[in-house]
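based on what follows, work out the 3D shape:
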Amino acid sequence: MMSKNLAIAAVLGLMISACDGLPEEEHAVDRTREPVVAAVPAAQPADTRAQPAGEPEIIEIVAGDALQSAASVMQMHPMESQNAKLFGVSGGDPAMNGLVTYLGLFAGPAEGWRVYRIGDFEEWTVSEESRRRVVLDARESRMGEDDDIVTEDRRLIIEFRMGEDGESDRVTVTPAR
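From the prediction side, this is the model:
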């Protein structure tokens, strides 16, 4: 086996040295053709998927009507500096709208949240937010005259003032441009 490898090495050496004796034009590289690049397999990324590192723990179902409502929340925009938030829960007709949207005002640990219904939309985003005011850009559908669904974009200014010293909250929704 060793002599066979030596023979192959000797032949390769002769072939390489024979190329050195060729005239210069035969050594020239043909630059009119694209270079041949050997296909090198790309390095495979390391497997970064999570691997178990202990025994699984079985989790029990948690019951409660409050958690059923919480699980319905599909979208939320917190306004921490104002103790308020906008949130949308799934409900209504999913073919038209279905994101019932509310403004929640936190009255404190003893009273909890006071919640006001803003509308039923397909989707919404908050485009402006300032003290006691938020602007909602919403997409809303309705049934048209020919029983077709008409979709329109709406902009709403939501202003709120939390009641203090026995006063009630004041929440308004105004169409905007």
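
ok, Gly54 - contacts?
Going by Cβ atoms under 8 Å, 6 or more residues apart in numbering, Gly54 touches no other residue. The C-beta positions use only the backbone N, C-alpha and C, and glycine is treated the same way.

one more: Val100?
Gly88, Val89, Ser90, Gly91, Gly92, Arg117, Gly119, Asp120.

can you tell me how far it is from Glu122?
Separation of Val100 from Glu122 (Cβ to Cβ, to the nearest Å): 11 Å.

which ones among the contacts of Val100 map onto strands?
Gly88, Val89, Ser90, Arg117, Gly119, Asp120 (DSSP state E).

ranking by neighbours, what's the top pick from these?
Ranked by neighbour count (other Cβ atoms under 10 Å), these have Gly88 at the top, with 23 neighbours.

so that one bridges to which residues?
As for beta bridges, Gly88 partners with Gln75, Thr101 under DSSP bridges.

do I have it right that it meets Trp124?
Yes. The pair formed by Gly88 and Trp124 meets the contact definition of Cβ atoms under 8 Å, at 6.9 Å.

and Thr151, what does it touch?
Contacts of Thr151 were listed using Cβ under 8 Å, 6+ apart, and they are Glu122, Arg139, Glu140, Ser141.

give me the nearest residue to the first one, chain neighbours excluded.
Nearest in space to Glu122, with sequence neighbours left out and distances taken as Cβ to Cβ, 6 or more residues apart in numbering, is Arg139 at 4.5 Å.

list the residues that contact the one you found.
Arg139 sits next to Phe121, Glu122, Glu123, Trp124, Thr151, Glu152, Asp153, Arg154 when contact means Cβ under 8 Å, 6+ apart.

recalculate using a threshold of 7 Å.
Phe121, Glu122, Glu123, Thr151, Asp153 (Cβ atoms under 7 Å, 6 or more residues apart in numbering).

for Arg177, same thing?
For Arg177, the contact set (Cβ under 7 Å, 6+ apart) comprises Arg155.

nearest residue to the middle of the protein?
By Cα atoms, centre = their mean, the mean C-alpha position of the chain lies nearest to Gln75, the distance being 12.3 Å.

give me the neighbour count for Tyr116.
Neighbour tally, Tyr116, other Cβ under 10 Å: 15.
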